[in-house]
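S.K.: Fold the following.
(one chain, ligands or ions: 1)
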Amino acid sequence: MPRTLVTGGAGFIGSHLCDKLLSLGHHVICVDNLSTGKIDNIAHIRDERFLFIKQDVTNYLYIEGPLDYILHFASPASPIDYLERPIPTLKVGSLGTHKALGLALEKRARLLLASTSEIYGDPLVHPQREDYWGNVNPIGPRGVYDEAKRFAEAMTMGYQRFHKLETRIVRIFNTYGPRMRLHDGRVVPNFIRQALAGEPLTIYGDGTQTRSFCYVSDLVDGIIKLLLSDEPEPVNLGNPAEITIMQFAEAILRLSGADVPIVHEPLPVDDPRKRKPDISKAKRILGWEPKVGLDEGITQTIAYFASRLESDPELKHKHD
Ligand code: UDP
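M.R.: Numbering: from 1, shown residues only. Coordinates of the predicted model:
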């Protein structure tokens, strides 16, 4: 049975990957420093094939014994998180990726890098295809994440070309679902938390900016397909159903039944105007496309947040 390391394995996407890999029969080692990950996300796993190590992959990464796969998912990933942690974000994307690649080389493991639609910046090409190089402001507040991930892609390709390491790169577009943090600052938990608390939904700017939201189970299926594929170059994974943030707010009101107003707040610096993945490459080479529509996925996510708030009402205000 394969032995697989997931860095950032206690995070939102990382923990769903740990579940999926265990269900596929892998032995899973999860490394996380719990800066934005949470032990709650993996507390349900009672399996002797699962090992958790609390460690910052920026500083050091070594695992005893053989490894077949490394999924490198450690990084703050919401705009608020990386604005609050600019240096750790830069370090985990650069130094942490270097450590993960070095370990993969030592073990001759295949490494899959979690990259992001942020590498396209505020895109001038729409929808975004993998051959678009992006429009990124390196010195803006989002630059710490965007450039770290661009560097991580460059270093991954360097190891692939120079060391002949087997690598895969997934560019993840906006993904949502259970285990997002209520206060991670992204639009999905913000709107759902506000709706459940009877507070106004905060739209940044006029709400005409667009995003395309992918449910986490679809994303995880695509990641596993990419991991097991022969594709050495980046592949976009996301849901191409594009909507404006205003339409998204209306969907949250409809699906939650909340009767709260919408208020407008200033648009953050360098907030991308639009974002939508071109997933024709994933369809072609992985036979993958998302299956879960927005209504279904948001309903599941609302149920998750509602149950968390029910078991701990203080969470509404706690910075969890
Ligand atoms: N946004 C919003 N209200 C919020 C949080 C976010 O209108 O309470 C907007 C944000 O400005 C952006 C979009 O929703 O245009 C998606 O933001 P998010 O932080 O989820 O992720 P991004 O796609 O920008 O990385």
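S.K.: what separates Arg46 from the ligand, distance-wise?
M.R.: 33 Å (C-beta to the nearest ligand atom, to the nearest Å). Every C-beta, even on glycine, is put in place using the N, C-alpha and C of the backbone.
S.K.: What is the neighbour count of that residue?
M.R.: Using other C-beta atoms under 10 Å, Arg46 is surrounded by 6 other residues.
S.K.: ok, now Leu112?
M.R.: 27.
S.K.: before we move on, what about the one 4 residues further on?
M.R.: Other residues within reach of Thr116 by the criterion other C-beta under 10 Å amount to 21.
S.K.: What of the one 5 residues further on?
M.R.: Other residues near Gly121 number 24, with proximity taken as other C-beta under 10 Å.
S.K.: phi, psi of it?
M.R.: The phi/psi pair for Gly121 (degrees, to the nearest 10) reads phi 60, psi -140.
S.K.: Just to check, it is in contact with Tyr132?
M.R.: No: Gly121 is beyond contact range of Tyr132, at 10.0 Å (criterion: C-beta atoms under 8 Å).
S.K.: show me where pLDDT drops low in this protein?
M.R.: Residue ranges of the chain with pLDDT under 70: 318-320.
S.K.: Which residue is the nearest non-sequential neighbour of the residue of it most remote from its centre?
M.R.: Taking C-alpha atoms, centre = their mean, the residue of the chain most remote from its mean C-alpha position is Asp259, at 30.3 Å. Closest residue to Asp259 in three dimensions, ignoring its sequence neighbours and counting by C-beta to C-beta, 6 or more residues apart in numbering: Leu253, at 7.7 Å.
S.K.: That neighbour: which element?
M.R.: helix 245-256 (DSSP states H and E).
S.K.: Identify the residues contacting the next helix or strand after that helix?
M.R.: Downstream of helix 245-256, the first helix or strand assigned by DSSP H and E is strand 262-265. Applying C-beta atoms under 8 Å, 6 or more residues apart in numbering, the external contacts of strand 262-265 come out as 200-207, 246, 249.
S.K.: burial count for the residue nearest to Gly238 when sequence neighbours are not counted?
M.R.: Nearest non-adjacent residue to Gly238, counting by C-beta to C-beta, 6+ apart: Phe173, 2.7 Å away. Residues lying near Phe173 (other C-beta under 10 Å) number 24.
S.K.: just Glu166 next, same as before
M.R.: 16.
S.K.: got the phi/psi numbers for it?
M.R.: Per degrees, to the nearest 10, the backbone of Glu166 is at phi -80, psi 120.
S.K.: my read: it touches Leu111, true?
M.R.: Yes: when contacts are counted by C-beta under 8 Å, Glu166 is listed as touching Leu111 (7.3 Å).
S.K.: Near the ligand, which residues of the stretch 51-200 of the chain are found?
M.R.: 78-79, 174, 186-187, 190 (C-beta under 6 Å from any ligand atom).
S.K.: Could you list which residues are in contact with the residue nearest to Asp259?
M.R.: Counting by C-beta under 8 Å, 6+ apart, Leu253 has contacts 195, 201, 259-260.
S.K.: Good, we can wrap up now.
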